[in-house]
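Visitor: Kindly generate the corresponding structure for this input.
(2 chains)
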Amino acid sequence: MCGIAGLTLKDPGLRPELGAMLAGMLVMLEERGPDSAGVAIYDGAGALAVTKDIGGAGQVCGRFGIADAPGYQGVGHTRMATESAVTKAHCHPFVPADGVCVVHNGSFSNHCTIRRELERQGARFDSDNDSEVAARYIGSRLAQGDDLETALHAMAKVMDGFYTLLVTTPTEFAVARDPIACKPAVIAETDGYVAMASEYRALADLPGIKHARVFEPTGVHTWTR
Amino acid sequence: MDPVALDASELTTRQINQRLRELPDGARALVTEPRGRHNLAVGLTNKIEITIDGNAGYYIGGLGDGPDVTVHGFTGWGIGENLMSGLIRVKGSVSQSAGASAHGGLIVVEGDAGLRAGISLKGAALAIAGEAGNLTGFMAQAGTILIGGNAGEALGDSLYEAVIYVAGTIKSLGADARISDLTEDDVTAVKALCGQAGFTHITPEDVTKVSSARELYHFTSAHASSY
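Guide: A predicted model of the protein is given here:
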């Protein structure tokens, strides 16, 4: 499993509520990923703030006061570890480059091969998590000048496996899924925000959700600020 | 008589399904605040009308053999999974595997359907007003799938005897699926299904019929590359 939640705000009036909205979403996904939780907040003022730790989403969000954090964009993840250890270094989100944030639900089957290639090119890893390989690959493509959508299509050609990814930059918010798409994703879009989660349950408390356009994305969907 | 009101924000899924199961034939029920809850209105055999007011989760109306269910919103995976009879109508879009393994009844999706709608269909009818994702009708054995919009990749992959009608375009056909001639009986069937579903945007004479080429029923090494 694993749970993903993300939010990019169109309505500046919602910015003081970003942390509370995101924490509320993530808590609903705790049972999809009880091992660890992580949050990244784009507040528009300083560097991307990433908080992650072992434990359930409620515990981690409470410990770090996520509900009080303002911002214009945020990403959250709840992890059920399947292929590597439960440590802080293995927690999502991964930040492969300044302002770039990657969370993943799924598993990659050729991550060791890609990791070796990236290491030959000079990439450094913080963990042996397969998701970090995807993050570093996307980061390397962005560093070569790709825009996010191009980088995600390039990743899809190289990395083999099951994935729903939420990838953000300071100006972009993208959901990418493999063609079989067995890892869930649902989008809700209103005039105030674009929200993404693994399950609709996580979106149910968002303001104006009853009038949102709710749909399942496939392939690569990108929103640019 | 007013419908029996069941507020999902105050009741567990089991409590809701137990209350629904106790209702006599002919009764109506209104489930409010579903908030993406999974497994609502599952496994019921009484002939009741259930309205779910909002976006709901996985397997809504699954295993049903009697009730009619209307969802005013979006639903997650497996709407009407293994349905035996009755009508399930979703006013919004649905996620993956709509009508998986459904034996009977009719599932109507007024929006779009995600991947693998009608997977392993065993006799039910599935009517999708909008688009249908990749692998729609995967391994479908019996029944009918009507797609009012465009179909994605690998339509009808490994299809058995179910029949798929598409009003829009087909991105690609799956293994052992082929376009076949539309007969008068097909047009009559599509008209009837459009009538039941309430679809007025489809011209039955203009749909594309997809059925099995029946070449992969039994493995032979000569066909190994076709799988």
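Visitor: Just give the closest residue to A:Asp147, not the sequence neighbours.
Guide: If the residues on either side of it in the chain are set aside, A:Asp147 comes closest to A:Glu172, at 7.8 Å by C-beta to C-beta, 6 or more residues apart in numbering or on different chains. To be clear about C-beta, it is placed using only N, CA and C from the backbone, and glycine gets the same treatment.
Visitor: Wait, that neighbour touches A:Trp223, no?
Guide: Yes. A:Glu172 is in contact with A:Trp223 according to C-beta atoms under 8 Å; the separation is 7.0 Å.
Visitor: Now do the strands in chain B.
Guide: Along chain B, the segments classed as strands by DSSP state E run B:4-7, B:28-32, B:49-53, B:68-71, B:87-90, B:106-109, B:122-128, B:142-147, B:163-166, B:177-180, B:208-212.
Visitor: Name the residues of chain B found near chain A, please.
Guide: Proximity of chain B to chain A, by C-beta under 8 Å from any C-beta of the partner chain, involves residues B:35-38, B:54-57, B:73-74, B:76-77, B:92-93, B:95-96, B:111-112, B:114-115, B:133-134, B:152-153.
Visitor: how about the nearest residue to A:Thr164, chain neighbours excluded?
Guide: Nearest one to A:Thr164, counting by C-beta to C-beta, 6+ apart, is A:Lys183 at 4.1 Å.
Visitor: for the one you found, helix, strand, or coil?
Guide: Taken by DSSP: H, G, I helix; E, B strand; the rest coil, the conformation at A:Lys183 corresponds to coil.
Visitor: In the longest helix seen in chain B, which residues are buried?
Guide: Longest helix in chain B by number of residues (criterion: DSSP state H): helix B:184-197. For helix B:184-197, a neighbour-count test (16 or more other C-beta atoms under 10 Å in any protein chain shown) marks B:186-187, B:189-190, B:193-194, B:197 as buried.
Visitor: nearest to B:Ile16, of those?
Guide: Comparing these against B:Ile16 with C-beta to C-beta places B:Ala197 closest, at 26.8 Å.
Visitor: I'd like to know how many residues surround the closest residue to that closest one other than its chain neighbours.
Guide: Spatial nearest neighbour of B:Ala197, chain neighbours left out: B:Ala127 (3.9 Å); criterion: C-beta to C-beta, 6+ apart. Other residues near B:Ala127 come to 25 when the count uses other C-beta atoms under 10 Å in any protein chain shown.
Visitor: Which residues are in contact with B:Ala127?
Guide: With contact set as C-beta atoms under 8 Å, 6 or more residues apart in numbering or on different chains, B:Ala127 has these partners: B:106-109, B:145-146, B:148, B:193-194, B:196-197, B:199.
Visitor: Let's see that with 10 Å instead.
Guide: Contacts for B:Ala127 (C-beta atoms under 10 Å, 6 or more residues apart in numbering or on different chains) come out as B:89, B:99, B:106-110, B:144-148, B:165, B:190, B:193-194, B:196-199, B:202.
Visitor: Now the buried members of the residues you listed.
Guide: B:89, B:99, B:106-110, B:144-148, B:165, B:190, B:193-194, B:197, B:199, B:202.
Visitor: Could you list the residues of chain A in contact with chain B?
Guide: Neighbours of chain B within chain A, by C-beta under 10 Å from any C-beta of the partner chain: A:28, A:177, A:179-182, A:184-186, A:188, A:197, A:199-205, A:209-210, A:212-219.
Visitor: Show only the entries of the residues you listed found in strands.
Guide: Of the residues of chain A next to chain B, the ones assigned to strands by DSSP E are A:177, A:186, A:188, A:197, A:213-215.
Visitor: ok, back up a step: got the buried residues of helix B:184-197 as CSV, with distance to B:Val69 and pLDDT columns?
Guide: Below are the buried residues of helix B:184-197 laid out as CSV (distance: C-beta to C-beta, whole Å; pLDDT from 0 to 100):
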residue, distance to B:Val69, pLDDT
B:Asp186, 28, 98
B:Val187, 29, 98
B:Ala189, 24, 98
B:Val190, 24, 98
B:Leu193, 18, 98
B:Cys194, 20, 98
B:Ala197, 15, 98
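Visitor: still on that earlier bit, could you pick out the buried ones from the residues of chain A next to chain B?
Guide: Buried members of the residues of chain A next to chain B, scored by 16+ other C-beta under 10 Å, are A:28, A:177, A:181, A:184-186, A:188, A:197, A:199-204, A:209, A:212, A:214-218.
Visitor: residue ranges of the helices in chain B, please?
Guide: Listed in chain order, the helices of chain B (DSSP H) span B:13-22, B:184-197.
Visitor: I'd like to know which elements the longest one is packed against.
Guide: Translated: helix B:184-197. Here helix B:184-197 touches strand B:87-90, strand B:106-109, strand B:122-128, strand B:142-147, strand B:163-166, strand B:208-212, going by 3 or more C-beta pairs under 10 Å, 6 or more residues apart in numbering or on different chains; DSSP states H and E.
Visitor: In PDB, could you pull the C-alpha coordinates for stretch B:69-78?
Guide: Provided in PDB are the C-alpha atoms of stretch B:69-78 (Å, rounded to 0.1, in the frame of the first residue of the first chain):
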ATOM      1  CA  VAL B  69     -28.700   1.800  -6.000                       C
ATOM      2  CA  THR B  70     -28.200   5.400  -7.200                       C
ATOM      3  CA  VAL B  71     -25.000   7.300  -6.300                       C
ATOM      4  CA  HIS B  72     -25.100  11.000  -6.600                       C
ATOM      5  CA  GLY B  73     -21.400  11.400  -7.000                       C
ATOM      6  CA  PHE B  74     -18.100   9.600  -7.800                       C
ATOM      7  CA  THR B  75     -17.300   6.100  -6.700                       C
ATOM      8  CA  GLY B  76     -14.000   4.300  -6.300                       C
ATOM      9  CA  TRP B  77     -12.900   0.900  -7.400                       C
ATOM     10  CA  GLY B  78     -15.300  -2.000  -8.200                       C
END
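Visitor: how far is that stretch from where the chain is centred?
Guide: 11 Å (C-alpha atoms, centre = their mean, to the nearest Å).
Visitor: How about stretch A:135-154?
Guide: Taking C-alpha atoms, centre = their mean, one finds the center of stretch A:135-154 at 15 Å from the center of the full chain.
Visitor: Stretch A:104-114 too?
Guide: 16 Å.
Visitor: now stretch B:145-157
Guide: Relative to the chain's own centre, stretch B:145-157 is displaced by 13 Å; criterion: C-alpha atoms, centre = their mean.
Visitor: thinking again about what came up before, in TSV: the helices and strands packed on helix B:184-197, plus mean pLDDT and distance to A:Ala154.
Guide: TSV is the format used below for those (pLDDT from 0 to 100; distance: least, C-beta to C-beta, whole Å):
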stretch	mean pLDDT	distance to A:Ala154
strand B:87-90	98	36
strand B:106-109	98	34
strand B:122-128	98	33
strand B:142-147	98	32
strand B:163-166	98	32
strand B:208-212	98	33
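Visitor: can you redo those as TSV with distance to B:Arg21?
Guide: What follows is the helices and strands packed on helix B:184-197, written out as TSV (distance: least, C-beta to C-beta, whole Å):
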stretch	distance to B:Arg21
strand B:87-90	17
strand B:106-109	21
strand B:122-128	22
strand B:142-147	26
strand B:163-166	34
strand B:208-212	38
